[in-house]
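Asks: Fold the following.
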Amino acid sequence: MSATFFPARWQLGVHEFNFAVKTTTGALLALAIAFGLGLESPYWVIPTSFIVAQPFTGAMRAKGVYRLCGTLLGGMTAVALVPNLVDAPVLLSLALALWVGGCLYVALLDRSARSYLFMLAGYSAGIIGFQALAHPQAIFDIALARVEEISLGIACTTAVGSLFFPRSLGPMLTTRMSAWAIPAQDWAIQALAGNESAALHIQRTRLAGDAVAIGMLIPHLSYESAHWQVMAKPVAQLRQSVLSLIPILSAVGDRVAQLKALDGMTPPLQTLLDDTAAWVQAGQSAANTATAPLQHEISTLERTECGADWASLLRASLLARLRELVGLVHYERQLRRHIAEGTPAPEAHATYLAGLAAPVKVRDHGLALLSALGAALTLLLLCAFWIGTGWPSGGNAAVMAAVACSFYAALDDPAAAMRNMLRQSVLAVGFGLLFIFVLLPRVEDFTALVLVMAPYLLASGILAARPSTTSLGMTLGVISTTQIGLQNTYQGNFVAFINGALALLLGIASAMVMTRLIRLAGIDWITRRQMRATWADIAATTERPQERAYFTGKLLDRLGLLLPRMAQAAPETGLIITGMLRDLRNGLNAQALQRDTASLPAAAKPLIARVLRRMARHYRGDPLRPAVPALRAALDSAIAALAGAERTPRVREALMSLIGLRYAFFPEATPPVALLHSAMEPAQ
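Replies: Take a look at the predicted model:
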């Protein structure tokens with residue numbers, strides 16, 4: 001019936017109701033205990049419960065631990081600063097601003113769930129420190145009281161969430177990763193057929209973007225049941241294996257497309273491609289996980305591919321990349337089997353994956369510094385306003401500014417999120433006004449308080465559980481209950497309430513304005529900044545050796561950060577992003593040349609050095625422009641110099657790296673005339 005009379009957005013799901021009931025129960029249980037213990041500010045337990053509450057048990061426990069540690073660190077900072085600087089308000093304001101900015105800077109660089117700890121440590125020092133200014137001698141007691149109240153909220157919410165209808169993150173994460181692997185399988189089948197297009201290329205490279213989101217969830221498995229704690233490592237390895245497929249599939253697709261364009265596909269090679277596609281399509285079934293037949297086919301063709309023409313070289317390159325593809329898909333299937341059976345994966349899996357792409361997180365120090373500067377300046381300006389006017393609630397405005405700046409700093413457009421928070425806070429203040437001056441005066445005992453508060457908390461929890469209204473639900477559950485400020489006795493002070501509400505709105509509005517001024521540039525600026533960092537990394541690779549797996553992981557992580565922004569970026573910026581896989585392979589080929597130069601014939605070394613210098617000049621200049629003919633000439637000269645050299649493994653690898661670079665920079669150019677007559681290692 002509900003499906004008939006109510007639109008989908010109003011239908012209540014089981015998980016939403018479960019989340020709302022558990023959050024409300026945890027909050028009210030903590031409130032009852034806080035009242036019973038006579039804590040100084042029992043109302044703190046309700047916003048704490050809403051902040052810590054998460055749909056999945058592991059994520060909830062992790063956030064509870066991070067919140068407790070962050071509160072402790074912030075409290076210790078306040079205890080250290082306030083007694084020593086209470087008589088110098090300007091210095092105290094400066095110290096707290098630097099602390100908030102510094103903690104936010106570290107949080108943005110961390111790029112993990114643990115970043116919440118540093119962010120909370122920043123503004124918790126302000127919350128505790130500013131509250132203690134009237135009684136600096138009681139700073140330790142005040143800090144201890146905040147820790148007690150927050151710990152109680154965490155404990156009750158976590159206990160309720162863990163004991164009653166717990167929802168494990170593990171099954172959801174493995175299901176999501178299975179769905180994530182489907183595009184990779186489709187990509188492999190299309191790449192083996194040589195079906196490459198710009199639209200498909202953009203869609204496939206979104207694998208890297210999903211990898212970043214999945215990577216944020218995996219650490220929460222450590223807070224799940226013992227089974228999923230053991231599975232955290234193989235799940236992380238599974239993510240890394242699918243991510244490592246991206247450059248391999250890109251290279252396979254390019255090679256097949258090149259061979260078809262040159263009419264260089266042979267019947268045995270086409271048969272191998274068809275067999276490999278069928279094996280990939282077969283999926284996880286045990287009868288189709290053996291790789292020996294495919295590896296035998298690849299080895300047989302490698303022994304027969306000794307031609308000297310360009311097509312023969314491409315076939316040799318494709319065969320070796322097929323060997324990598326088959327091996328990696330085999331490892332990925334083995335990892336899935338271990339996860340399904342609940343058994344740890346052998347160390348050989350980790351060793352194999354570590355050589356392909358390391359789990360690297362890139363850090364944008366400049367953007368983190370801008371966000372930290374915005375938070376610190378906003379806090380300083382509001383403290384100056386507070387000191388200058390003597391407004392009793394000025395400290396609350398400064399704290400709310402620090403909270404808003406910290407919460408939304410990681411977004412591409414934090415000012416827009418703050419504007420949304422400002423609107424929702426107006427609504428939260430309205431509900432707070434209703435409760436304090438209309439409903440609570442009629443409450444005479446805790447049972448009546450529960451009857452009054454429970455419906456509102458349940459509604460807020462339901463909104464918080466829905467992705468489309470999470471922000472609204474959290475604002476209502478946290479801001480309004482903080483404004484209500486429940487105590488053991490009713491305290492309805494209209495002037496104090498209005499002052500607190502104005503401080504709340506002023507703090508958020510100030511944070512929004514300052515953030516807009518500090519971070520004028522939008523998504524395109526952030527995207528181009530990341531792209532310039534990528535080009536700088538590639539240029540650096542041409543000048544000094546870099547570890548291959550680290551370099552690959554770094555560029556894939558940066559690609560994952562950029563892809564979610566593609567839909568909002570300008571069209572020309574989106575085209576830049578789609579070229580990152582080509583840049584990744586160019587960097588890998590440059591890295592191989594840098595590594596192999598010392599083992600090459602003396603006559604070839606200066607020619608290789610010239611190629612690397614030309615590449616560095618290209619990537620340090622304007623990589624969006626076509627490569628200059630001088631780079632093509634340098635590549636052809638280096639290929640010719642190595643053609644007549646003794647075919648050592650390093651010489652073969654260097655030759656294939658040069659061929660890969662030549663095709664990447666000059667795909668439409670006539671192949672060089674150098675004749676090579678042995679099967680080579682793959683170009684990247």
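
Asks: what's the helix or strand for the spatially most central residue of the chain?
Replies: Central residue of the chain (CA atoms, centre = their mean): Val212, 4.1 Å from the mean position. Here Val212 sits within helix 198-217, counting by DSSP states H and E.

Asks: and the next element down the chain from that helix?
Replies: Following helix 198-217 in sequence, per DSSP H and E, is helix 226-261.

Asks: now that following helix: mean pLDDT?
Replies: Mean pLDDT, helix 226-261: 82.

Asks: Can you give me the buried ones in that helix?
Replies: 228, 231-259 (16 or more other CB atoms under 10 Å). Placement of C-beta: from N, CA and C, glycine included.

Asks: For it, name the packing helices and strands.
Replies: In terms of contacts (3 or more CB pairs under 8 Å, 6 or more residues apart in numbering; DSSP states H and E), helix 226-261 is packed against helix 169-193, helix 198-217, helix 310-341, helix 347-354, helix 548-562, helix 580-596.

Asks: What residue spans form the domains of this structure?
Replies: Domain segmentation of the chain under automatic domain parsing yields 14-167+364-518, 171-354, 541-665.

Asks: The longest one spans what distance, first to last residue?
Replies: Looking at domain 14-167+364-518, the gap from its leading to its trailing residue is 43 Å under the measure CA to CA, to the nearest Å.

Asks: now it, how far from the centre of its chain.
Replies: 24 Å (CA atoms, centre = their mean, to the nearest Å).

Asks: Report the mean per-residue pLDDT for that domain.
Replies: Domain 14-167+364-518 comes out at a mean pLDDT of 92.

Asks: Who are the contact partners of the closest residue to Phe17 other than its chain neighbours?
Replies: Excluding its sequence neighbours, the residue lying closest to Phe17 (CB to CB, 6 or more residues apart in numbering) is Ile462, at 7.0 Å. Neighbouring residues of Ile462 by CB atoms under 8 Å, 6 or more residues apart in numbering: 12, 16-17, 19-20, 473.

Asks: packing partners for the helix or strand hosting Ile608?
Replies: Using DSSP H and E, Ile608 falls within helix 605-620. In terms of contacts (3+ CB pairs under 8 Å, 6+ apart), helix 605-620 is packed against helix 523-543, helix 580-596, helix 629-643, helix 649-665.

Asks: List the buried residues for that helix?
Replies: Neighbour-count burial for helix 605-620 [16+ other CB under 10 Å]: 607-612, 614-616, 618-620.

Asks: if we compare the helices and strands packed on helix 605-620, which one ends up closest to Ser299?
Replies: helix 649-665 (16.5 Å; CB to CB).

Asks: Run a quick neighbour tally on the closest residue to Leu72 other than its chain neighbours.
Replies: With CB to CB, 6+ apart as the criterion, Leu72 has its nearest non-adjacent residue at 6.2 Å, and that residue is Val147. A count of nearby residues for Val147, using other CB atoms under 10 Å, gives 18.

Asks: Quick check: Val147 touching Thr71?
Replies: Yes: applying CB atoms under 8 Å, one finds Val147 in contact with Thr71, separated by 5.7 Å.

Asks: Buried residues in the strand or helix carrying the residue nearest to Leu72, which are they?
Replies: Assigned by DSSP H and E, Val147 falls within helix 139-163. Judged by neighbour count (16+ other CB under 10 Å), helix 139-163 contains these buried residues: 139, 142-143, 145-158, 160-162.
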